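Colleague: this is a predicted model, with the sequence first.
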Amino acid sequence: MTTTYVFPAPQMAALAVAGSEARFPVRRVYCVGRNYAGHAREMGSDPDREPPFFFCKPGDAQAVVPVAPGETAELPFPPATANFHFECELVLAIGKGGANIAVAEAASHIYGYAVGLDMTRRDLQGQMKDAGRPWEVGKAFDYSAPVGLLHPAASVPGVESAAISLQVDGVTKQDSHITHLIWSASETIANLSTLFALQPGDLIFTGTPEGVGAVQRGQTLLARIEGLSELSVRYV
Ligand code: MN
């Protein structure tokens with residue numbers, strides 16, 4: 001029997017995949033905090049003594065925005081912030097689930113990679129941090145997770161040593177390498193999977209390098225990771 005709903009069921013977010021007509025359906029979005037030493041320092045933390053920690057964004061189609069290569073997506077500037085920050089990140093797309101995944105096995109759980117933006121209402125996040133409260137209002141709002149084209153892992157073997165950068169209106173603000181991750185992709189998957197059973201469709205935002213900052217309404221963000229399709233977004 002077909003299930004009927006009292007209103008149309010919400011649409012699932014799904015990412016376009018390079019070289020395929022099929023899309024990658026998104027389940028959950030996990031994010032790693034302070035995973036580059038330079039960014040940990042600019043946020044006032046000691047990068048050497050902290051194990052990885054995680055927060056989540058919604059996986060729904062209002063939060064996760066697939067952006068096609070060559071397109072500049074125009075998205076609504078979010079409400080309630082005067083300090084709207086970009087964070088350019090390598091996104092892991094999980095294709096095989098599991099709990100307590102060993103570091104040595106973790107790569108086999110990665111379906112592919114994409115460039116993502118962990119957009120942040122920094123003022124609201126700061127207020128929540130100061131009050132010891134959850135980060136959702138700073139992190140988990142609509143249009144907070146634009147993601148570029150997903151590239152199957154086998155097609156981008158060098159991505160974990162690639163350059164990562166972000167420009168605002170053509171001016172470089174973030175410029176680093178994925179090798180500067182404190183916790184590598186495999187270590188992150190292993191650690192995260194001790195806390196949550198990962199499932200196909202999960203995305204992991206692996207953290208941002210130093211250089212985060214505010215973006216103004218109408219400015220264009222261009223996020224790049226060598227070997228992956230670039231991601232261009234404008235909040236208006
Ligand atoms: Mn982040």
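Modeller: Okay, I see it. This structure is a prediction, so every number in the text was calculated from the model and none was measured.
Colleague: name the nearest residue to the closest residue to the ion within the chain, ignoring sequence neighbours.
Modeller: Residue nearest to the ion within the chain: residue 118 (3.5 Å; C-beta to the ion). Bear in mind the C-beta positions are built from the backbone N, C-alpha and C, glycine included. When the adjacent residues along the chain are set aside, residue 118 lies closest to residue 87, with 4.1 Å between them (C-beta to C-beta, 6 or more residues apart in numbering).
Colleague: need the contact list for the one you found.
Modeller: Taking C-beta atoms under 8 Å, 6 or more residues apart in numbering as the criterion, residue 87 is in contact with 117, 118, 119, 120, 208, 212.
Colleague: which one of the residues you listed is nearest residue 36?
Modeller: Distance to residue 36 across these (C-beta to C-beta) is lowest for residue 208, with 6.6 Å.
Colleague: where are the low-confidence patches of the chain?
Modeller: The chain contains no residues with pLDDT under 70.
Colleague: which bits of it sit near the ion?
Modeller: The interface of the chain toward the ion, taken as C-beta under 5 Å from the ion, is made up of 87, 118, 208.
Colleague: where do the helices sit along the chain?
Modeller: For the chain, the helices defined by DSSP state H occupy 37-42, 103-106, 122-131, 136-139, 185-192.
Colleague: which parts of the first one are buried?
Modeller: Neighbour-count burial for helix 37-42, with 16 or more other C-beta atoms under 10 Å as criterion, is recorded at 37, 38, 39, 40.
Colleague: what sits up against it?
Modeller: Residues outside helix 37-42 that contact it (C-beta under 8 Å, 6+ apart): 34, 46-48, 50, 176, 180, 182, 207-212.
Colleague: what do you get for the second one?
Modeller: Helix 103-106 is touched from outside by 98, 185, 186, 187, 189, 190, 193, with contacts defined as C-beta under 8 Å, 6+ apart.
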